[in-house]
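Colleague: Everything below, folded, please.
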Amino acid sequence: MLLTNADIDHVAGLLSLREGQPFALMATPSVHGVLGANSAFDVLAEGIVERRAVELGTSFELVAGVTATIFPVPGKIALYLEAREEAEKGRLATDIEGEQTIGVELKAGDRRVLYIPGCAMVTPALAERMAGADAVLFDGTLWRDDEMIRAGLSAKTGHRMGHMSMSGPDGSMAALADIGIGRRVYLHINNTNPVLIDGSPERVEANRAGWEIAEDGMEIAL
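Modeller: Below is the predicted model of the structure:
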C-alpha cells in the first residue's frame with residue numbers, strides 16, 4: 001500500500017486493516033513520521049505491517065510488472081496538523097513542494113499513468129512530467145475555488161485547502177488543456193462538486209474538455 005499524503009481520508013482506512021493481515025505500508029519519511037507520532041496507528045503492529053519509507057524520486061516495483069516513482073506535488077500538510085504548523089512557523093503554506101503531498105508515476109511496459117489526487121497548482125516541472133502520459137488521474141476536489149463558501153459549508157477556498165479548482169482561468173482544465181495526455185480522469189471529488197451530477201452543465205463542460213469523471217468500480221484499460 002502506498003500513501004500519497006497524511007490527510008484523514010487517505011490514512012483513516014489503515015485502522016480497519018488491524019486484524020493481522022501482513023502487508024507493506026509505503027510512504028515518504030514525513031508521512032511515516034506523522035503516523036508514528038499518533039498512537040492510534042500502533043494497531044498496525046510493526047511485526048506484521050512493514051513500514052517502508054520511500055524517498056522522493058525513488059522507483060520501485062509496486063506490484064508485479066508495475067514500477068512506481070513518487071514525486072513532489074504542490075500542496076499542504078494535513079488539516080489536523082495545521083494548528084501546529086502555524087504555531088511553529090507563524091504561517092501556513094498551501095503550495096509547498098515536499099514529502100507532504102506526492103504524485104505517483106506508474107509504468108507497465110510502454111504505458112505510463114500519473115496519479116495526482118491532490119494538487120495546489122500546476123508547475124512547469126509537473127506539466128513536463130504529465131506530457132505524453134497515457135492517462136492522468138488528477139485532483140478534482142472542487143469545481144469553483146469558492147464552492148465550499150457558496151454552499152455555506154466552510155469559510156475556506158479551494159486554494160486555502162491546497163486544491164486547484166477544475167474551472168476558470170486558473171483551474172486545472174485550463175492548466176492542462178495544451179498538455180499532450182491520453183485519457184484525463186478527475187478523481188478525489190468533493191460531494192459539493194456539481195460535476196458529479198449526470199447531465200449538469202459542469203459535467204458537460206468537463207466532458208467537452210476531454211475529461212472523464214471517476215466513479216466507484218471504474219476500470220481504466222490502456
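Colleague: can you list the residues that contact stretch 175-187?
Modeller: Contact with stretch 175-187 is made by 117, 121-122, 127, 130-140, 164, 166, 195, 206, 209-214, 218, 220, 222, as judged by Cβ atoms under 8 Å, 6 or more residues apart in numbering. (Glycine included, C-beta is placed from N, CA and C.)
Colleague: Now, the residues you listed that are in strands?
Modeller: Using DSSP state E, the subset of the contacts of stretch 175-187 located in strands is A135, V136, L137, F138, D139, W211, E212, I213.
Colleague: Hmm, M166 and the fourth one touching each other?
Modeller: No: here F138 lies out of contact with M166, judged by Cβ atoms under 8 Å, at a distance of 9.1 Å.
Colleague: which neighbours do those two share?
Modeller: Both F138 and M166 are in contact with S172, Y186, where contact means Cβ under 8 Å, 6+ apart.
Colleague: Format the CA atom coordinates belonging to the helix or strand where L62 lies as CSV.
Modeller: For L62, the element it lies in under DSSP states H and E is strand 59-63. In CSV, the C-alpha atoms belonging to strand 59-63 read as follows (Å, rounded to 0.1, in the frame of the first residue of the first chain):
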residue,chain,number,x,y,z
SER,A,59,11.4,4.0,-8.4
PHE,A,60,10.3,0.6,-7.1
GLU,A,61,8.0,-2.3,-8.0
LEU,A,62,4.6,-1.5,-6.6
VAL,A,63,3.0,-4.8,-7.8
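Colleague: list the buried ones in the helix or strand just after it?
Modeller: The C-terminal neighbour of strand 59-63 among helices and strands, as given by DSSP H and E, is strand 66-72. Neighbour-count burial for strand 66-72 flags A68, T69, I70, F71, P72 (criterion: 16 or more other Cβ atoms under 10 Å).
Colleague: could these be laid out in TSV, adding pLDDT?
Modeller: Below are those laid out as TSV (pLDDT from 0 to 100):
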residue	pLDDT
A68	97
T69	97
I70	97
F71	97
P72	96
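Colleague: Looking at those residues, which is nearest N38?
Modeller: Nearest to N38 among those: I70, at 21.8 Å, using Cβ to Cβ.
Colleague: need the contact list for the closest one.
Modeller: For I70, the contact set (Cβ under 8 Å, 6+ apart) comprises L2, T4, T28, V54, L56, G57, T58, I102, G103, V104, E105.
Colleague: how near is the closest residue to the second one other than its chain neighbours to C119?
Modeller: Counting by Cβ to Cβ, 6 or more residues apart in numbering, I102 is the residue found nearest to T4 once chain neighbours are left out, at 5.1 Å. Look at I102 and C119: by Cβ to Cβ, to the nearest Å, they are 10 Å apart.
Colleague: Quick check: what element follows the helix-or-strand element of the chain with minimal mean pLDDT along the chain?
Modeller: Least confident helix or strand, the chain: helix 82-89 with a mean of 63, by mean pLDDT, DSSP states H and E. With elements assigned by DSSP H and E, the helix or strand that comes after helix 82-89 is strand 102-108.
Colleague: which ones are touching the residue nearest to G103 when sequence neighbours are not counted?
Modeller: Counting by Cβ to Cβ, 6+ apart, G103 lies nearest to I116, which is 4.1 Å off, once chain neighbours are set aside. By Cβ under 8 Å, 6+ apart, the contact set of I116 is V73, G103, V104, L126, V136, L137, F138, D139.
Colleague: From R18, how far off is I116?
Modeller: 29 Å.
Colleague: same question, R144
Modeller: 39 Å.
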